[in-house]
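Chemist: Quick one, structure for this:
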Amino acid sequence: MRVLITGAAGFIGSHLCDRFLADGHTVVGIDNLVTGNPRNLAHLVEHSRFTFMRQDVSTHITIDGDLDAVLHFASPASPIDYLKIPIQTLKVGSLGTHNALGVALAKNARFLLASTSEIYGDPLEHPQKESYFGNVDSIGVRGCYDEAKRFAEAMTMAYHRAHAVQTRIVRIFNTYGPRMRLDDGRVVPNFIGQALRGEPLTVYGDGAQTRSFQYVDDLVEGVTRLLHSDYVEPVNIGTQFELSVLEFAHLINELTQNSAGIVFQDARIKGDPQTRRPDTSRAKAILDWEPRVLLRDGLTRTIAYFREVV
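Modeler: Predicted structure coming up:
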């Protein structure tokens, strides 16, 4: 296949480039490098089946030649980004998705949207099934990301119904691994960065809020299987292993041998979800997928990566 991946220089996008190239495909990567990092793709610069194009998908997407698939992963994806560039976040989820779908339609290519567990908001259902409509504050500071992704899902289904585009939607739950930005504000790089600097880990609120962390290789496997499937409706990809943020902080200190401990601060962003765990029965039934990498193993690999960049 010849595959277009938007957001190719991002954390997840760059791992997808690696996977599709390893599977023998040709990859065209697009990124405007607002939150993506060229370093994530440096090892692919000389690859004969990889091409990088710096474009803003919210403005236009120009691709010559045929395409077999479009994977739309371009988007800021951290709370810090929501506060700094809310309009760009909304535009890539709306205009960028529209443009990416237009390319898929023009090229007769399969389309896969990277959606998110954030479309569930601060959920009143636990764990979250794909049938749950969510509890989202559309005008809160997180709304620019949540609503952009909800719009993107609606646009994707509209193209499927109106234009018969072969669409797929993955709802991604908390994912971690090498190539995360150290300063992106999410809990994994925050904790690991502080621990490797010998600082106390900052826990916002009382730390009782829960998360379920999956390693990036498991996500990439799920995305790959979904793209090649015939399933149109959204599919959760994440792990059902749930722990509190405070428990996670203790685990990071243990794995990094950080003796500086933990400090507590007031909640950073209003509307921070208090629980987050997917129901992945759909992924198991349709894709025969489930996460394989244990949390300790994935964190050990991730900590090794961050030791090189702290």
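Chemist: only C-alpha atoms for contact and neighbour calcs from this point on.
Modeler: Will do.
Chemist: ok now stretch 20-38, how far from the chain's centre?
Modeler: 14 Å (C-alpha atoms, centre = their mean, to the nearest Å).
Chemist: make that stretch 159-176, sorry
Modeler: 13 Å.
Chemist: what's the first-to-last distance across it?
Modeler: 31 Å (C-alpha to C-alpha, to the nearest Å).
Chemist: Now do the helix or strand of the chain with the lowest mean pLDDT: which elements does it pack against?
Modeler: Least confident helix or strand, the chain: helix 79-84 with a mean of 88, by mean pLDDT, DSSP states H and E. Contact partners of helix 79-84 among helices and strands, from 3 or more C-alpha pairs under 8 Å, 6 or more residues apart in numbering; DSSP states H and E: none.
Chemist: immediately after that helix, which helix or strand?
Modeler: The helix or strand immediately downstream of helix 79-84 is helix 86-91, counting by DSSP states H and E.
Chemist: for that next one, which positions count as buried?
Modeler: By neighbour count, with 16 or more other C-alpha atoms under 10 Å as the criterion, the buried positions of helix 86-91 are 86, 88-91.
Chemist: Stretch 22-42 now?
Modeler: By neighbour count on 16+ other C-alpha under 10 Å, the buried set for stretch 22-42 is 26-33, 35-38, 40-41.
Chemist: And for stretch 248-267?
Modeler: Those would be 248-249, 251-253, 256, 258, 262, for stretch 248-267 by 16+ other C-alpha under 10 Å.
Chemist: what's the answer for stretch 171-182, then?
Modeler: Applying 16+ other C-alpha under 10 Å to stretch 171-182 flags 171-182 as buried.
Chemist: Dump the buried residues of helix 86-91 to CSV, plus pLDDT and distance to residue 18.
Modeler: CSV is the format used below for the buried residues of helix 86-91 (pLDDT from 0 to 100; distance: C-alpha to C-alpha, whole Å):
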residue, pLDDT, distance to residue 18
86, 96, 29
88, 97, 27
89, 97, 25
90, 97, 28
91, 98, 27
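Chemist: still on that earlier bit, any chance of the buried residues of stretch 248-267 in CSV, plus distance to residue 275, secondary structure and pLDDT?
Modeler: Below are the buried residues of stretch 248-267 laid out as CSV (distance: C-alpha to C-alpha, whole Å; DSSP: H, G, I helix; E, B strand; the rest coil; pLDDT from 0 to 100):
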residue, distance to residue 275, secondary structure, pLDDT
248, 14, helix, 96
249, 16, helix, 97
251, 19, helix, 98
252, 20, helix, 98
253, 22, helix, 98
256, 26, helix, 98
258, 27, coil, 97
262, 21, strand, 97
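Chemist: Break down the chain into its helices, ranges please.
Modeler: 11-22, 79-84, 86-91, 97-107, 143-163, 187-196, 216-228, 245-256, 281-287, 295-307 (DSSP state H).
Chemist: worst average pLDDT in the ones you listed?
Modeler: Confidence, taken as mean pLDDT, is least for helix 79-84 of the helices of the chain (a mean of 88).
Chemist: what's next to that helix, contact-wise?
Modeler: 76, 89, 141-142, 144-145, 184-186 (C-alpha atoms under 8 Å, 6 or more residues apart in numbering).
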